[in-house]
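Asks: return atomic coordinates for the entry below.
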Amino acid sequence: MLNIIFRRASALTLALLAPIPALATPVLLKPAAVFDGVDAAPHPGWQVVTDGTRIVAVGPALPVPAGAMVIDLPGATLMPGLIEGHGHLFLHPYDETPWDDQVLHEALALRTARAVAQARATLLAGFTTERDLGTEGAGYADVGLRDAIAQGIVPGPRLLAATRAIVARGAYGPKGFEPGVAVPLGAEEVSGVDEIVRATRNQIAAGADLIKLYADYHYQRGEPSRPTLSVAEMSAAVATAHDAGRTVAVHAVTAEGMRRAIAAGVDTIEHGDEGTPDLFRAMHDRNIAYCATLAAGDAIARYRGWDGQGTAPAMVAESRSAFRLAIAAGTPLCMGGDVGVYAHGSNAREMELMAAAGLPLPQVLIAATSGNAKAFHLADRLGAVRVGLLADLVAVAGDPTRDISAVRHVVLVMKDGVVVSPR
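Replies: Got it, this is the predicted structure:
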């Protein structure tokens, strides 16, 4: 681990071993290089000054502001705070507890307490923002967690909360119970245009920052995914959400589900395993971002016994193939792994798999920073090391444009101008 040195102007002090509070004075960060989230190449010798919650200067050999705290980061690359594009803080790895049991048997208080711990792990991993795409049966608890983080009650990334998510009636789980017995479900069911508009408005009224739809799913265990929501239903939800200034993310595995989502004018498509060249070109033409969630399939395959070597299981091979088609089509790429299927805090797993599937390392980093910021309508605040943006920054040991595993070696995290590590 790098020896991070904090000093006030020219007075050298010991490296801090605990988080430091919000600083009323400017901070000068002096890494080996800055990756600004926009340019493919890092900028050696660049430095960054923050003041309060904002970045106020970026460039080489910056003067030390009067009374500034100077943080030396030798050998480190300073980047924008990373953005997790597809997470579920109210889930934990399926090899610990199956999804059905989490939804049916874990108390809401337990799930919330675990989500608090998982939010902290996410932040310390360098992810200062997360798009949380559904509580999977935990109702609107993500809104409360989002607000607790924003108020400084608990540490975590700033959250974009999708709340309950919306599915076609009969098409979601848990399944396998007496049909006459009502059981808790992982999302809100709808049928028809009126119901989906009502659910969209209700979720926004309850605090949703965005709307999550399921364009397809399997009606019964063992069945393949099939289209569920119609184009008319999704179009009505999209229009309602956009009227309210919210984006729409859509789970779509099948080609037909993707086609309907594209026709409905959604903002991002998640998974897209059966995507075709034509569908990815259509996404490019309509500026719909693609979140491949490679890490979710990889994790599930490993839970089922795959060791990561040799011939990949069909689900892994299919998602890799779709991702490569999206790269070839120039589709806007979101970095999001469906974290919650695997451990929070290991969010970098998706970045490593994107690189392994053929995306150049700088483009992986751009997807996780300015790419996600643009897709989520946050580019005026986040995603780049640029004067005027929020001071969300992460320093990692080494150069992640040459070795993507460097993103796992976090040596400093700053969120809103507050140093929340080293750890």
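Asks: please enumerate the helices of the stretch 201-350 of the chain.
Replies: 231-243, 255-264, 277-285, 294-303, 314-329, 348-356 (DSSP state H, counting those that start in this stretch).
Asks: just the buried residues of the second one, please?
Replies: Read that as helix 255-264. By 16 or more other C-beta atoms under 10 Å, the buried positions in helix 255-264 come out as 255, 256, 257, 258, 259, 260, 261, 262, 264. (Glycine included, C-beta is placed from N, CA and C.)
Asks: can you check the third one too?
Replies: Neighbour counts using 16+ other C-beta under 10 Å place 279, 280, 281, 282, 283, 284 of helix 277-285 among the buried residues.
Asks: I'd like those laid out as JSON lines, including pLDDT and distance to residue 241.
Replies: As requested, the buried residues of helix 277-285 are arranged in JSON lines below (pLDDT from 0 to 100; distance: C-beta to C-beta, whole Å):
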{"residue": "279", "pLDDT": "98", "distance to residue 241": "22"}
{"residue": "280", "pLDDT": "98", "distance to residue 241": "23"}
{"residue": "281", "pLDDT": "98", "distance to residue 241": "25"}
{"residue": "282", "pLDDT": "98", "distance to residue 241": "20"}
{"residue": "283", "pLDDT": "98", "distance to residue 241": "18"}
{"residue": "284", "pLDDT": "98", "distance to residue 241": "22"}
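Asks: farthest pair within these?
Replies: Within the buried residues of helix 277-285, 279 and 284 form the most distant pair, 9.9 Å apart (C-beta to C-beta).
Asks: re the thing from before, out of the helices of the stretch 201-350 of the chain, which gets nearest to residue 223?
Replies: helix 255-264 (14.3 Å).
Asks: and that closest one with helix 314-329, angle?
Replies: Between helix 255-264 and helix 314-329, the angle comes out at 40 degrees (axes from the mean of the first three to the mean of the last three C-alpha atoms, to 10 degrees).
Asks: with just CA atoms, put helix 255-264 into PDB.
Replies: Once non-C-alpha atoms are left out, helix 255-264 reads as follows in PDB (Å, rounded to 0.1, in the frame of the first residue of the first chain):
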ATOM      1  CA  ALA A 255     -34.000  -9.900 -28.400                       C
ATOM      2  CA  GLU A 256     -37.700  -9.100 -28.400                       C
ATOM      3  CA  GLY A 257     -37.600  -7.500 -25.000                       C
ATOM      4  CA  MET A 258     -34.800  -5.400 -26.200                       C
ATOM      5  CA  ARG A 259     -36.600  -4.400 -29.400                       C
ATOM      6  CA  ARG A 260     -39.700  -3.300 -27.400                       C
ATOM      7  CA  ALA A 261     -37.500  -1.400 -24.900                       C
ATOM      8  CA  ILE A 262     -35.800   0.500 -27.700                       C
ATOM      9  CA  ALA A 263     -39.100   1.300 -29.400                       C
ATOM     10  CA  ALA A 264     -40.400   2.600 -26.100                       C
END
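Asks: list the helices and strands that helix packs on?
Replies: strand 226-227, helix 231-243, strand 247-252, strand 268-271, helix 277-285 (3 or more C-beta pairs under 8 Å, 6 or more residues apart in numbering; DSSP states H and E).
Asks: and of these, who's closest to residue 406?
Replies: Closest approach to residue 406 among the helices and strands packed on helix 255-264 (C-beta to C-beta): strand 268-271, 26.7 Å.
Asks: that closest one pairs with which strands, and in what direction?
Replies: strand 247-252 (parallel), strand 289-291 (parallel) (DSSP bridges).
Asks: tabulate the ones you listed (a markdown table), appending distance to residue 306.
Replies: Converted to a markdown table, these look like this (distance: least, C-beta to C-beta, whole Å):
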| stretch | distance to residue 306 |
| --- | --- |
| strand 247-252 | 23 |
| strand 289-291 | 23 |
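Asks: let me have the ones you listed in a markdown table, extended by distance to residue 310, mean pLDDT and mean neighbour count.
Replies: A markdown table is the format used below for the strands paired with strand 268-271 (distance: least, C-beta to C-beta, whole Å; pLDDT from 0 to 100; neighbours: other C-beta atoms under 10 Å):
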| stretch | distance to residue 310 | mean pLDDT | mean neighbour count |
| --- | --- | --- | --- |
| strand 247-252 | 29 | 98 | 27 |
| strand 289-291 | 27 | 98 | 28 |
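Asks: out of these, which gets nearest to residue 80?
Replies: Of the strands paired with strand 268-271, nearest to residue 80 by C-beta to C-beta is strand 289-291, at 17.3 Å.
Asks: just how off-centre is the closest one within its chain?
Replies: The offset between the C-alpha centroid of strand 289-291 and the centroid of the whole chain comes to 11 Å, using C-alpha atoms, centre = their mean, to the nearest Å.
Asks: which other residues reach it?
Replies: The contact list for strand 289-291 (C-beta atoms under 8 Å, 6 or more residues apart in numbering) reads 85-86, 249, 267-272, 275, 280, 283, 326, 331-336, 371, 375.
Asks: and what of stretch 51-60?
Replies: With contacts defined as C-beta under 8 Å, 6+ apart, stretch 51-60 is touched by 25-27, 34, 36, 43, 45-50, 65, 385-391, 393, 416-417.
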